[in-house]
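Peer 1: Need the 3D shape of this:
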Amino acid sequence: MPADRPLNEKDLLLRVANGDQTAFTLLFEQYHHELGRYIFGITKSMELAEEIVQNIFLKIWMNRETLSGINSFRAYLFIISRNAAITAFRKKVRDHIRQREWESAMQEGGGMEDAWREKELYLTLIDQAIEALPPQRKKVYLMSRQEGLTYEEIGIRLGISKLTVRAHIQQSTTAITAFVKKRGGLPLLLFWVGDSLF
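Peer 2: Now for the predicted structure:
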């Protein structure tokens, strides 16, 4: 972090929390280069690093009201950046593997289309199961699985304890598993759980 910070960080965060776009621009300029280099070190992709940085700051702005409760913004920023970079990198690897599997199946004349259709059906069940969760539980679950936030980060954002967050995640997982299993989707669910839940 540069020594000649333009403003006291706490004051800057309070201004952003109150909707000050100029302060948000200063915050972005303060961190985006360092953050981009950090994420590039994980993903080895400049394009992906730039996309992740943009997404992170977009989420920060969309949830700016929570900034006033953060003691170390830099630590917070790099934790969520690491999580986002790892999630994006894993997705990139999975997409590459799936592409190779698809190409191999096409060469062998296999029934890849049927497999993808079946997978889409199961993923629809999973989406329905998530939608059926109680509002707070659904919010916690999506913050964990889609945004890649830790239990502590979710707790800070929602004003609840880590134990409460953990309980919500466990209850969500149980409910989703039961929902899909009841509809005959257990085999793919096991694949999906291994890929996303744990």
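Peer 1: Spatially central residue for this structure, please.
Peer 2: Nearest to the geometric centre of the chain sits Glu147, at 2.0 Å (Cα atoms, centre = their mean).
Peer 1: what helix or strand is it on?
Peer 2: Of the helices and strands defined by DSSP states H and E, none includes Glu147.
Peer 1: I'd like to know which elements the one helix or strand Glu153 maps to is packed against.
Peer 2: Glu153 is part of helix 151-158 when elements are defined by DSSP H and E. Applying 3 or more Cβ pairs under 8 Å, 6 or more residues apart in numbering; DSSP states H and E, one finds that helix 151-158 makes contact with helix 73-108, helix 135-145, helix 162-182. (Glycine included, C-beta is placed from N, CA and C.)
Peer 1: Give the buried residues for the helix or strand that Phe40 is a member of.
Peer 2: Per DSSP H and E: Phe40 is located in helix 21-43. For helix 21-43, burial by neighbour count (16 or more other Cβ atoms under 10 Å) applies to 23-24, 26-28, 30-31, 35-36, 38-40, 42-43.
Peer 1: again, but for stretch 154-174
Peer 2: Ile154, Gly155, Ile156, Arg157, Leu158, Ile160, Thr164, Val165, His168, Ile169, Ser172.
Peer 1: Please report how far Val53 lies from Arg166.
Peer 2: 29 Å (Cβ to Cβ, to the nearest Å).
Peer 1: And for Thr150?
Peer 2: Separation of Thr150 from Arg166 (Cβ to Cβ): 11 Å.
Peer 1: and if you look at Leu14?
Peer 2: Using Cβ to Cβ, one gets 30 Å for the distance from Leu14 to Arg166.
Peer 1: can you check Leu26 too?
Peer 2: Distance from Leu26 to Arg166, by Cβ to Cβ: 36 Å.
Peer 1: can you check Thr22 too?
Peer 2: Distance from Thr22 to Arg166, by Cβ to Cβ: 38 Å.
Peer 1: swap in Gly69?
Peer 2: Taking Cβ to Cβ, one finds Gly69 at 20 Å from Arg166.
Peer 1: Map the structural domains onto the sequence of the chain.
Peer 2: Domain ranges of the chain: 1-110, 111-198, per automatic domain parsing.
Peer 1: Rebuild the ones you listed as a markdown table, extending it with mean pLDDT.
Peer 2: A markdown table is the format used below for those (pLDDT from 0 to 100):
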| stretch | mean pLDDT |
| --- | --- |
| domain 1-110 | 79 |
| domain 111-198 | 74 |
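Peer 1: can you dump the C-alpha coordinates of the strand or helix carrying Glu47 into PDB?
Peer 2: Using DSSP H and E, Glu47 sits in helix 46-62. C-alpha atoms of helix 46-62 as PDB (Å, rounded to 0.1, in the frame of the first residue of the first chain):
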ATOM      1  CA  MET A  46      -4.700 -10.700 -17.400                       C
ATOM      2  CA  GLU A  47      -8.200 -10.800 -18.900                       C
ATOM      3  CA  LEU A  48      -9.600 -12.800 -16.000                       C
ATOM      4  CA  ALA A  49      -7.800 -10.600 -13.400                       C
ATOM      5  CA  GLU A  50      -9.300  -7.500 -14.900                       C
ATOM      6  CA  GLU A  51     -12.700  -9.000 -14.900                       C
ATOM      7  CA  ILE A  52     -12.400 -10.100 -11.300                       C
ATOM      8  CA  VAL A  53     -11.200  -6.700 -10.100                       C
ATOM      9  CA  GLN A  54     -14.200  -5.000 -11.800                       C
ATOM     10  CA  ASN A  55     -16.600  -7.500 -10.300                       C
ATOM     11  CA  ILE A  56     -15.200  -7.100  -6.800                       C
ATOM     12  CA  PHE A  57     -15.500  -3.300  -6.900                       C
ATOM     13  CA  LEU A  58     -18.900  -3.600  -8.300                       C
ATOM     14  CA  LYS A  59     -20.000  -5.800  -5.400                       C
ATOM     15  CA  ILE A  60     -18.300  -3.400  -2.900                       C
ATOM     16  CA  TRP A  61     -20.300  -0.500  -4.300                       C
ATOM     17  CA  MET A  62     -23.500  -2.600  -4.300                       C
END
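Peer 1: Alright, I will stop here.
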